[in-house]
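1. quick one, what's the 3D model for this:
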Amino acid sequence: MLGLTGFVARFRAHPVAATIELGSFLGCFVLVVATVGAIAGGPPTGQLSSDLPWLFVIAGGGLFVVFWTLVVPLYERTL
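-> The predicted structure is shown next:
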């Protein structure tokens, strides 16, 4: 099953897992775009107003790691 019908069939078979995977993909995409934007803005300067893109990237990456190392294993144990 390839294409959209295969994706929909897999989503219906495992809706929570598919949502987690899709959310992770979108989160990684946002982090990549934010990282490129932060790099384009220049290195951190030590001032909060100009370092917000860098803080967003760091906080987003940290949340992503915590999600996959804490939340997903806890969810899998409850299955």
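
2. so where is the chain shaky, pLDDT-wise?
-> With pLDDT under 70 as the threshold, the chain has low-confidence stretches at 1.

3. let's see it at 80
-> The chain contains residues with pLDDT under 80 at 1-2, 7, 79.

4. how near is Pro53 to Val36?
-> As defined by Cβ to Cβ, to the nearest Å, Pro53 lies at a distance of 10 Å from Val36. Quick note: C-beta positions are derived from backbone N, CA and C, even for glycine.

5. with Val71 instead?
-> In this view, Val71 and Val36 are 27 Å apart by Cβ to Cβ.

6. repeat for Val72
-> According to Cβ to Cβ, Val72 and Val36 sit 27 Å apart.

7. again with Ala18
-> Taken as Cβ to Cβ, the spacing of Ala18 relative to Val36 amounts to 27 Å.

8. which of the two has more residues huddled nearby?
-> Ala18 (15 against 12; other Cβ atoms under 10 Å).
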